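Colleague: Have a look at this fold, sequence not included:
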């Protein structure tokens, strides 16, 4: 290639630059953001105030109608719901869900959370109705909050949500329910239906992992079944359906509730449903209210700052698992307003997800300082402090006294500011449980959380642990057996099953302990002299019967007895320091989960905490000796058993 040297004149270039400089700069007006508060929803958006109020009215109308038709449901949500209303699809797009690195083109979506629920949509007209998915998910929120996700059959939960997703209203008075869903009807015509026994056996966990075709027929058939129970056969099954719901609310087992409510078996209902679907006569229910369902007079509206708008968007990004984008948005909000508590609180959470606890605590301490009225700032601060000491499995062995005191202080402020927020009570109970302190207060706190959100399996699990810590094994077993048997999440079910076995073992050991102690007391008071062999055994070792209850060493294991003086914890693992035979023994493990821990004395209970032990506690350690002579520790512990102070191990 031949390069040709050219001479360029600078005059035209300078003239064009001068022209550009003289032209007025093109600017884009910033969006005006407005906050609207209705009776049950908090809405913010860059749409017009009028459009935001329309969305608020639609949400309140749906909630009102739903409460009238299903009065048994608990409509007071345990956490607040924020609705973000975008003026256009273009402004909405950066905040739509992301799957596999791609933006999912939706008209609206619902994002539930333990601290806040988000509803997002655009007022720009599209062929897809944004309210369908929002109403569907909102029904789930109300049903789960009333009965608990695990207690509600998946077909009922999804069918009811689909039925009400088509809610529409005309002139604020004429309500349309149960509109036929074309996609479901077409699928039911062509696909082979699931036997009702199979349909009823599907749980939420398996549903989420089923193939698309199976999921589609499940949703279609569940919708058709609920539609039939409400409207089919001229509404004759509606009373049965209402009774079925009441029984579920009162924790009646599903099969029992079905039999008592419908007075039929699955085969009979399957026949009725088949006939209903084949007739293709899905009716729509129209209800006209005397008074218009208007809520404008209950609403307040006010502009919000750009910083507040960015804080809401950043918090939304955090709650949709986009921490990096959330951090950038929240830092931008703080650049505009360094004193914005909401932005600092959300930024602290986002940084926690990135494991940057130092910066997270700095932001949250500042958000919660003084007389902050932001209850979430205080709760988030305590939450992050609780997470800092957890491992990748969310296991924590203990907190320092200073950290525990700070968490309790912040949670007390959060509870005072918002007494109906269950997570504050839950975390307060958890802190007391970990510290093995104030267990009566912990029980009171977790019961308040359960009352506010009865469907939470996590709350019930903590409640069972507190009962077990108080040695109320019967109450603990009642809860944990329910979780182990009914949870649709295999992780929760497996954890519950393991914990169930631990409670049963502890119950058996304590019963054996009390039985033997009572026998020993009776033996000492007996007027009949014991045999020489029995007297010698009891005098030498009054707790000799514990030998049978202790863990038996394996072929490659040994055991010894001594005083547990300290537990050292680090990122590399834990080390038990046991004083015996005139020296301190060191036993190292990866974590507490690798050690079978049991107590045979009421003086020791609760989870082990790192640090120096407050009292000299007799323990029996079963361990595997080190493989080499240069090992840093004396072995790997596989069993740690707390025993009474007057117990003596007869042999190692």
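Modeller: Looks like it came in fine. Here the structure is a predicted model, which is why all the values come from computation and not from measurement.
Colleague: Could you give me the buried positions within stretch 37-48?
Modeller: Residues of stretch 37-48 classed as buried: 38, 40-47 (neighbour count, 16 or more other Cβ atoms under 10 Å). Using the backbone N, CA and C atoms, a C-beta is placed for each residue, glycine as well.
Colleague: Of the residues you listed, which belong to helices?
Modeller: Of the buried residues of stretch 37-48, none are assigned to helices by DSSP state H.
Colleague: could these go into a markdown table alongside pLDDT and distance to residue 158?
Modeller: Converted to a markdown table, the buried residues of stretch 37-48 look like this (pLDDT from 0 to 100; distance: Cβ to Cβ, whole Å):
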| residue | pLDDT | distance to residue 158 |
| --- | --- | --- |
| 38 | 92 | 28 |
| 40 | 89 | 24 |
| 41 | 91 | 24 |
| 42 | 93 | 28 |
| 43 | 95 | 27 |
| 44 | 96 | 30 |
| 45 | 95 | 29 |
| 46 | 95 | 33 |
| 47 | 94 | 31 |
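Colleague: Report how many residues lie close to the closest residue to residue 117 other than its chain neighbours.
Modeller: Distances taken as Cβ to Cβ, 6 or more residues apart in numbering place residue 81 nearest to residue 117, at 4.3 Å, with adjacent residues excluded. Using other Cβ atoms under 10 Å, residue 81 is surrounded by 20 other residues.
Colleague: what's near enough to touch residue 81?
Modeller: Taking Cβ atoms under 8 Å, 6 or more residues apart in numbering, we find residue 81 in contact with 40-42, 116-119, 141.
Colleague: change it to 7 Å
Modeller: 41, 117, 119 (Cβ atoms under 7 Å, 6 or more residues apart in numbering).
Colleague: Can you tell me the closest non-neighbouring residue to residue 54?
Modeller: residue 123 (7.7 Å).
Colleague: again, but for residue 383
Modeller: residue 427 (6.3 Å).
Colleague: Assign that neighbour to helix, strand or coil.
Modeller: With DSSP: H, G, I helix; E, B strand; the rest coil as the basis, residue 427 sits in helix.
Colleague: Can you verify my assumption that it contacts residue 411?
Modeller: Yes - if you go by Cβ atoms under 7 Å, residue 427 and residue 411 touch, sitting 5.9 Å apart.
Colleague: Now the common contact residues for the two.
Modeller: Joint contacts of residue 427 and residue 411 (Cβ under 7 Å, 6+ apart) are residue 382.
Colleague: looking at this, residue 114 is in a strand?
Modeller: No - with three-state DSSP as the criterion, residue 114 is located in coil rather than a strand.
Colleague: Can you list the buried residues in stretch 125-141?
Modeller: 130-141.
Colleague: Mind putting these into TSV with pLDDT?
Modeller: Listed next are the buried residues of stretch 125-141 as TSV, based on pLDDT from 0 to 100:
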residue	pLDDT
130	87
131	89
132	89
133	87
134	89
135	90
136	90
137	86
138	87
139	87
140	85
141	82
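Colleague: Please flag which of the residues you listed sit within helices.
Modeller: 130-141.
Colleague: count of residues packed around the residue nearest to residue 383?
Modeller: What residue 427 shows, counting by other Cβ under 10 Å, is a neighbour count of 24.
Colleague: what's the answer for residue 265, then?
Modeller: 11.
Colleague: can you tell me how far it sits from residue 194?
Modeller: 17 Å (Cβ to Cβ, to the nearest Å).
Colleague: Angles on the backbone of the nearest residue to residue 166 once chain neighbours are set aside, please.
Modeller: Excluding the flanking residues, the one nearest residue 166 by Cβ to Cβ, 6+ apart is residue 179, at 3.8 Å. For residue 179, the backbone dihedrals (degrees, to the nearest 10) come out as phi -60, psi 140.
Colleague: nearest spatial neighbour of residue 426, skipping sequence neighbours?
Modeller: residue 449 (4.3 Å).
Colleague: Show me the chain divided up by domain.
Modeller: As recorded under automatic domain parsing, the domains making up the chain are 30-149+285-304, 180-283, 550-642.
Colleague: sorry, back to before: burial of the residue nearest to residue 166, as a residue count?
Modeller: Neighbour tally, residue 179, other Cβ under 10 Å: 16.
Colleague: mind listing what the residue nearest to residue 87 when sequence neighbours are not counted touches?
Modeller: Nearest non-adjacent residue to residue 87, counting by Cβ to Cβ, 6+ apart: residue 47, 4.1 Å away. Residues near residue 47 by Cβ under 7 Å, 6+ apart: 85-87, 123.
Colleague: which residue ranges form the helices in the stretch 51-200 of the chain?
Modeller: 89-92, 130-147, 154-165, 182-190, 196-201 (DSSP state H, counting those that start in this stretch).
Colleague: residues in contact with the longest one?
Modeller: With contacts defined as Cβ under 7 Å, 6+ apart, helix 130-147 is touched by 58, 62, 73-75, 77-78, 106-110, 112, 117, 119, 121-122, 152, 157, 160-162, 164-167, 248-249, 453, 455.
Colleague: what is the orientation angle of that helix with helix 154-165?
Modeller: 140 degrees (axes from the mean of the first three to the mean of the last three Cα atoms, to 10 degrees).
Colleague: How far does helix 130-147 sit from its chain's centre?
Modeller: 17 Å (Cα atoms, centre = their mean, to the nearest Å).
Colleague: And for stretch 220-231?
Modeller: 30 Å.
Colleague: what does stretch 368-376 give?
Modeller: For stretch 368-376, the distance to the chain centre is 24 Å (Cα atoms, centre = their mean).
Colleague: Can you give the contact residues for that stretch?
Modeller: Here stretch 368-376 has contacts from 115, 341-342, 345, 367, 377-378, 381, 410, 414, 417-418, 421, using Cβ under 7 Å, 6+ apart.
Colleague: rerun at 10 Å
Modeller: 80, 115-116, 315, 340-342, 344-346, 348-349, 366-367, 377-383, 409-410, 413-419, 421, 423-424 (Cβ atoms under 10 Å, 6 or more residues apart in numbering).
Colleague: ok now the helix or strand where residue 223 lies, how far from the chain's centre?
Modeller: Using DSSP states H and E, residue 223 maps to helix 212-235. Put simply, helix 212-235 sits 29 Å off its chain's centre (Cα atoms, centre = their mean).
Colleague: ok, the residue nearest to residue 223 when sequence neighbours are not counted - how many residues close by?
Modeller: Closest residue to residue 223 apart from its sequence neighbours, by Cβ to Cβ, 6+ apart: residue 162 at 4.0 Å. Using other Cβ under 10 Å, residue 162 is surrounded by 23 other residues.
Colleague: Who are the contact partners of residue 162?
Modeller: Contact analysis of residue 162 by Cβ under 10 Å, 6+ apart lists 132, 135-136, 139, 178, 181, 184, 219-220, 222-224, 226-227.
Colleague: just for the stretch 501-650 of the chain, where's the confidence low?
Modeller: 513, 516-545, 602-603, 605-607, 646 (pLDDT under 70).
Colleague: Is it correct that residue 610 is in contact with residue 573?
Modeller: No - Residue 610 sits out of contact with residue 573 when judged by Cβ atoms under 10 Å, with a separation of 11.3 Å.
Colleague: Return every residue with contacts to both of those two.
Modeller: residue 592.
Colleague: Those two: who's more crowded?
Modeller: Using other Cβ under 10 Å as the criterion, residue 610 and residue 573 rank with residue 610 on top: 18 against 15.
Colleague: got a list of what that one touches?
Modeller: 389, 396-400, 566-570, 574-575, 592.
Colleague: Can you pick out the most distant pair from these?
Modeller: Using Cβ to Cβ, the contacts of residue 610 reach their maximum pairwise distance at 399 and 575, which is 19.3 Å.
Colleague: any idea how far residue 33 lies from residue 349?
Modeller: Counting by Cβ to Cβ, the gap from residue 33 to residue 349 is 22 Å.
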